[in-house]
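> attaching a predicted model along with its sequence, questions to come.
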Amino acid sequence: MTAAVFFGCAFIAFGPAFSLFIFTIAKDPLRVIILIAGKANEGLAAISEEESSPISVREMAYVAGLGFGIMSGAFSMINTLSDSLGPGTVGMFGDSQYYFITSALMTLALTLLHTFWGVVFFDGCERKRWWVIVAVLCLHLVVSGLSLLNPLYVGSVPPVYVIMLLMAVWAFFSSGGSLHNLSLLWTCRKSNAETSS
Amino acid sequence: SVTTRDLKKITLDVNSNSVAQKIYVEVNNTVPCVRLLNATHQIGCQSSISGDTGVIHVLESEADLEWPLTKGPNPPYMILLESHLFTRSIMMKIKKESSRIAGVTVVVPNTSPSEFSPHTTCPNENTGVYSDTYGPHLAHCNTTVWNPLGNGLSYEEFDFPVFSLKEDKQCYYDHNRVVNGSAPQYPLCAMQLFSHMFAVTDTATCMRRNDVINFSINPEMVCDPLGDFNVWGSIRPYNRSQLGHRDNESVVMAAARLDSRAFFWDVSTGAEGSISGFVTLLAAAHALRDVTQVAPPTHNILFAFFQGEAFDYIGSSRMVYDMQNGKFVIDLDNVHSLLEIGQVGLRNGSDLFLHSDPVSRMNDTVNDQVREHERYRCSLIHRHHRLVDNFQSSPLPPSSLQRFLRAQNIPGIVLADHRAAFNNKYYESYYDNADNLNLRYPPNMTAEEQLEFLTDTAMALTEVATVVARALYKQAGGDGTQVDNIKADSKTVTQMLFGFLVQANNSWFQALIPPELKDMLSDPPDFYVGVASSSPAKAKPLTRLVQFLLANLTGTATNLTQDQCQKPDDLPDESVQMYSYLWVQGTVPHNGTEKGPFCVRASVRLSQALSPAFDLGEYASRNYSTWTESRWKFIKARIFLVASRDLEMLTLGVGVAVLFSSLLVTYFISTKADVLFSSAREPASAAY
């Protein structure tokens, strides 16, 4: 569908993952390694000189989750992206012409979902809350199952986004966030604004 | 192009992933129009290197051109033409506004229009004998326009691709119909055509680029000269190691052309244009076999079948050049006279016309010879034949004889079914097929029955072949009493017509060729001369078929075994210098008497038909044919839907918005991370 669609879909699918990578991962080479290699912590601990682990559980969870998300997104989207470069669009055989956009939106949701699931899953393991693990697994299956509703995109994309928002809230809370912190942020900004004005 | 011709035969399996399969529909059996170049021009069609995409528009009439050319809101358009709309006026209009046109596709027709000839009105006008110095009043068809129906489309240059495809309008009717003058809604059905040609400008440029490229790491030629091989044979054999002039040798030559062309690449037949001529000559050669053994004529008779005549006389100019330079078994002084069989399939009633060159006849000796020849013919008038001597002032039609006359004043006659303009309404076009020759078979016949059936066309051509054979025999000084015994075989003629025009893969053709060349008959023979090859083994199937036909019809069957047939020099009586030995399949009759393969000995040879311009390096020559065919990488067509520009821009906009907003949000969160994610809950030392 030409270069405009190619770049549009690429930005939609990988924009958030890219910005997360730039601002939270790229600064710390350790995180880059975990992103790519997953469970390399024991090896890293063996070669580091400090006693304690160089990376915390939460960071590990977040980075691993993001890594899985990027991998999953790449595998599901790259093929479609390369076909979007050609002059034609989907639809000849009755498929929807919004195929590329919805694929990109699904990939975006899945990438973020993997990140959130990673955080929640690790937290559940840490605190030995087994129902959390079961819930994450079930949600993973539900989201994958929703894609079977395609090409009825109204049935698959909005529910997945709803689940993603719910997971975002859950991950926020399980990684140390709280409403109190949010209000702190708000007043901080407000007071900053007051003092500067 | 040599390499891509093979690719054409292999089915390309392009789509291996399912997303591409949802989008593109590959179109099979595409026939492109390719680019040809000569000393001064490039003709034919060209697409851009990444293909040309256009929204399909089916043209209903010439007035409907307004939509794609001016009014339509979704340019560029890909115009789909029915074959009756494929005319000069429509194509020229499209050519003028080609910025809005991505390409043209023509639907393969089932029936012929009333007339159509894409060739020029005056074929080969610059390489014939008539010029400003020789018969200027006859040059450039000043007196006789040979092909008045010619619209010259084959010689125009189009900068968009033109393809010939099977009809497939379903996608258009589903998505692109114009309803009440309002534009159709997106997504629209579009087609993309790939036919990027490497060569540009003219032959000199592309040959120069060929030479330059040979020095680079990745040599890739851009064009190839057209050419193939001529087939020639003689009653008495010539030692092929003795070239040049032969003392006391005076040969009566008989000639016909083999090739033809059409607007689209490789789909010509030339039923009237060339097949009628060479089938007649083959039958005449066959008719002369027996009588020349029993009562040999004084002069030898040489049969020549020229390839590439449609492109400025490639074959005949090469033979004349070889004769002039002592590279052929005889030279021009040895040629007594030349009789050429032109288009003889569409006789009105029973008229046959004898064309001769009035300028050369101003020389008395030549005139006498021609008159003699005509007398022989008139003396052969049968009950219902009329051989009409064409008037003194009328020029020769386009014929190989013109190239001989360019070199030397030789008495010659061209036999044709037309007095002035061609009777052929489809000269050098796709429609010059079996229907043009009125080749009809009764219904409900199997292929083998049709092969044997004596059609009216075959009977008519047999009469011409008989006249030709008798005239050649008398011209060569044969015994007058034997003339009435010379009769062409109508069964041979009808079998040849069936094989060349209906189905080449038949039992008779199979019997004439070696068993290992059976695949040669699987496709209908190409009558387009194609690009030249260096070895006779790679000659075009048509040429080889004519070679084997001539060998079987004029040669003798021998008792040699297959090994002896490969190396006959070991035997005392056989000589590869004098004859060629061909191992052929032979007939396998149904009643079980196995004839089996055998060795044919015939004085039939192939001689190269490549324009002398390429040997001399004169790529801008005015004297010789300089035609080349461009090379290309691949030729294909595919259909798909295209989305509106608005949707594409929306997608891009949403993508950019998502990217920027995610960058902002992430930056914000990461700077405030210590506030947002308080570390009060995290254990001091990680369990990891």
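Structure received. Numbering: from 1, shown residues only, chains lettered A, B, ... in the order given.

> how about low-confidence regions in chain A?
Residue ranges of chain A with pLDDT under 70: A:1, A:38-54, A:190-197.

> which strands and helices lie in contact with the strand or helix carrying A:Arg58?
Using DSSP states H and E, A:Arg58 sits in helix A:57-84. With contacts taken as 3 or more Cβ pairs under 8 Å, 6 or more residues apart in numbering or on different chains; DSSP states H and E, helix A:57-84 sits against helix A:3-20, helix A:29-37, helix A:99-126, helix B:18-23. C-beta coordinates here come from the backbone N, C-alpha and C atoms, glycine included.

> now do the contacts for B:Tyr528.
Residues in contact with B:Tyr528, defined by Cβ atoms under 8 Å, 6 or more residues apart in numbering or on different chains, are B:Asp259, B:Ser260, B:Arg261, B:Ala262, B:Trp265, B:Asp266, B:Val267, B:Ser268.

> redo that, cut-off 7 Å
B:Asp259, B:Arg261, B:Asp266, B:Ser268 (Cβ atoms under 7 Å, 6 or more residues apart in numbering or on different chains).

> does residue 160 count as helix, strand or coil?
Looking at chain A here, since you left the chain open. Under DSSP: H, G, I helix; E, B strand; the rest coil, the three-state class of A:Val160 is helix.

> what's the closest non-adjacent residue to it?
Computed as Cβ to Cβ, 6 or more residues apart in numbering or on different chains, the closest residue to A:Val160 that is not its neighbour in sequence is A:Ala109, at 4.8 Å.

> tell me how many other residues crowd the residue in the stretch 451-600 of chain B that chain A sits nearest to.
Of all residues in the stretch 451-600 of chain B, B:Asp523 sits closest to chain A, at 31.3 Å by Cβ to the nearest Cβ. B:Asp523 is flanked by 12 other residues according to other Cβ atoms under 10 Å in any protein chain shown.

> any idea how far it is from B:Asn505?
Per Cβ to Cβ, to the nearest Å, B:Asp523 is found 9 Å from B:Asn505.

> shared neighbours, these two?
The contact sets of B:Asp523 and B:Asn505 do not overlap (Cβ under 7 Å, 6+ apart).

> so what's the residue of the stretch 451-600 of chain B closest to chain A scoring on pLDDT?
B:Asp523 is assigned 74 on the pLDDT scale.

> check B:Ile381 too.
On pLDDT, B:Ile381 comes in at 49.

> can you check the one 4 residues further on too?
For B:His385, the pLDDT comes out at 52.

> tell me the contacts of the residue nearest the centre of chain A?
The residue lying closest to the centre of chain A (Cα atoms, centre = their mean) is A:Leu112, at 1.9 Å. With contact set as Cβ under 7 Å, 6+ apart, A:Leu112 has these partners: A:Pro16, A:Gly69, A:Met164.

> how many neighbours does the nearest residue to B:Pro568 once chain neighbours are set aside have?
Nearest non-adjacent residue to B:Pro568, counting by Cβ to Cβ, 6+ apart: B:Glu574, 3.8 Å away. Counted with other Cβ under 10 Å, residues neighbouring B:Glu574 total 18.

> same thing with B:Glu97?
When neighbours are defined as other Cβ under 10 Å, B:Glu97 has 14 of them.

> cool, and the one 3 residues further on?
Per other Cβ under 10 Å, the neighbour tally for B:Arg100 reads 15.

> what number of residues lie near the residue nearest to it when sequence neighbours are not counted?
Counting by Cβ to Cβ, 6+ apart, B:Pro75 is the residue found nearest to B:Arg100 once chain neighbours are left out, at 4.1 Å. B:Pro75 has 15 neighbouring residues, counting by other Cβ under 10 Å.

> next, the angle from the helix or strand hosting B:Val654 to helix A:3-20.
Per DSSP H and E, B:Val654 falls inside helix B:645-671. Orientation note: helix B:645-671 sits at an angle of 10 degrees relative to helix A:3-20 (axes from the mean of the first three to the mean of the last three Cα atoms, to 10 degrees).

> residues of helix B:645-671 that come out buried?
Residues B:647-648, B:650-652, B:654-655, B:658-659, B:662-663, B:666, B:669-670 are the ones in helix B:645-671 that count as buried (16 or more other Cβ atoms under 10 Å in any protein chain shown).

> and the next helix or strand past it?
helix B:673-676.

> any idea which of the contacts of A:Leu112 is closest to chain B?
A:Pro16 (4.0 Å).

> residues near the closest one, how many?
Other residues lying near A:Pro16 total 25 when counted by other Cβ under 10 Å.

> hang on, the earlier thing: tell me the angle the helix holding B:Val654 makes with helix A:57-84.
For helix B:645-671 against helix A:57-84, the angle by the same axes, to 10 degrees is 170 degrees.

> so which of the buried residues of helix B:645-671 reach chain A?
By Cβ under 7 Å from any Cβ of the partner chain, the members of these lying near chain A are B:Glu648, B:Thr651, B:Leu652, B:Val654, B:Gly655, B:Val658, B:Leu659, B:Ser662, B:Leu663, B:Thr666, B:Ser670.

> now, the most widely separated pair of the residues you listed?
Using Cβ to Cβ, those span at most 33.0 Å, a distance reached by B:Glu648 and B:Ser670.

> output stretch B:419-428 as PDB, nothing but the C-alphas.
Provided in PDB are the C-alpha atoms of stretch B:419-428 (Å, rounded to 0.1, in the frame of the first residue of the first chain):
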ATOM      1  CA  ARG B 419      -1.700  -7.600 -58.800                       C
ATOM      2  CA  ALA B 420      -1.100  -4.500 -56.800                       C
ATOM      3  CA  ALA B 421      -2.000  -4.200 -53.100                       C
ATOM      4  CA  PHE B 422      -1.900  -7.300 -51.000                       C
ATOM      5  CA  ASN B 423      -5.000  -9.500 -50.900                       C
ATOM      6  CA  ASN B 424      -4.000 -10.100 -47.300                       C
ATOM      7  CA  LYS B 425      -6.000  -7.900 -45.000                       C
ATOM      8  CA  TYR B 426      -4.000  -8.900 -41.900                       C
ATOM      9  CA  TYR B 427      -0.500  -8.600 -43.100                       C
ATOM     10  CA  GLU B 428       2.000  -9.200 -40.300                       C
END
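
> show me what counts as buried in it.
Across stretch B:419-428, burial judged by 16+ other Cβ under 10 Å covers B:Ala421, B:Phe422, B:Asn423, B:Asn424, B:Lys425, B:Tyr426, B:Tyr427, B:Glu428.
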